[in-house]
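Asker: only geometry, no sequence info:
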């Protein structure tokens, strides 16, 4: 499994287009959204300024981009090219394949998180305690595993031609409705109720709690854990199902 992780990392780091959208793009969006924002006005219901709020949102968005977009399309193409069929001839179990894909994608997501933090601190003068920076990085990085597992599952649900539109709908839907692009407090009440149960909303809430010097809410942690079990279990099941069809 370690060899597969190393291979996946090498392939991802060589993909310049992928690195741009997963590492640079979130920082650019942060500057567009928060570039001219007032550093004193607080986002309603959060106690955070817009730059501080959007820093976590865009770091989460960058990690989501890295793990979801990278995994789903790559796996669908590997299935069509016969690479997955070759892996089945090795002793690698289904759970090992899923874990290798999930872990390698999570490693790639780390630079996107760090760069958003650096840009926010340098351009918008976002200041936090040292423990908060470390806790934010760890929480957002660990939370990205949920969406890495989702990317694996989508890669096995969709064919090579269909995987991109399915991934894009999932990607933009979760990002917008989960409040990564704008605070959910701006949503109608009924949409806020839906957003609270989405994994992206819980994901961003982890970082926002740390910025407020609070412990993450148990509901958000439990929700992310439940989605991870669902997505990882579904991905492993789809891998085995695909094996039986081959």
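Answerer: Looks like it arrived, so ask away. Being a predicted model, the structure only gives us computed values, none of them experimental. Numbers count the residues shown, from 1 in each chain.

Asker: What sits closest to residue 166 if chain neighbours are left out?
Answerer: residue 158 (4.8 Å; CB to CB, 6 or more residues apart in numbering). The C-beta positions use only the backbone N, C-alpha and C, and glycine is treated the same way.

Asker: Can you get me a residue count around that neighbour?
Answerer: Applying other CB atoms under 10 Å, we find 19 residues neighbouring residue 158.

Asker: Go through the chain and flag its longest helix.
Answerer: helix 94-123 (DSSP state H).

Asker: Against which helices or strands is it packed?
Answerer: Applying 3 or more CB pairs under 8 Å, 6 or more residues apart in numbering; DSSP states H and E, we find helix 94-123 packed against helix 2-14, helix 25-34, helix 50-64, helix 70-81, helix 130-157, helix 218-245.

Asker: between the ones you listed, which gets the lowest average pLDDT?
Answerer: Across the helices and strands packed on helix 94-123, the stretch with the lowest average pLDDT is helix 2-14; it has a mean of 60.

Asker: circling back to that earlier point, how far is the longest helix of the chain from where the chain is centred?
Answerer: In terms of CA atoms, centre = their mean, to the nearest Å, the centre of helix 94-123 is set 8 Å apart from its chain centre.

Asker: For the residue nearest the centre of the chain, give its distance to residue 192.
Answerer: Centroid check for the chain by CA atoms, centre = their mean gives residue 64 as the closest residue, at 2.0 Å. Computed as CB to CB, to the nearest Å, the residue 64 to residue 192 distance reads 20 Å.

Asker: Could you do residue 228 as well?
Answerer: Plainly put, residue 228 is 24 Å away from residue 192 if you go by CB to CB.

Asker: Please apply the same query to residue 104.
Answerer: Distance, residue 104 to residue 192, using CB to CB: 35 Å.

Asker: try residue 230
Answerer: For residue 230 relative to residue 192 (CB to CB), the value is 23 Å.

Asker: Mean neighbour count, the helices and strands packed on helix 94-123: which tops it?
Answerer: Among the helices and strands packed on helix 94-123, helix 50-64 has the highest mean neighbour count (mean count of other CB atoms under 10 Å), at a mean of 28.

Asker: Direction-wise, compare that helix with helix 25-34 and give the angle.
Answerer: For helix 50-64 against helix 25-34, the angle by axes from the mean of the first three to the mean of the last three CA atoms, to 10 degrees is 160 degrees.

Asker: so how far is helix 50-64 off the chain centroid?
Answerer: With CA atoms, centre = their mean, you get 11 Å for helix 50-64.
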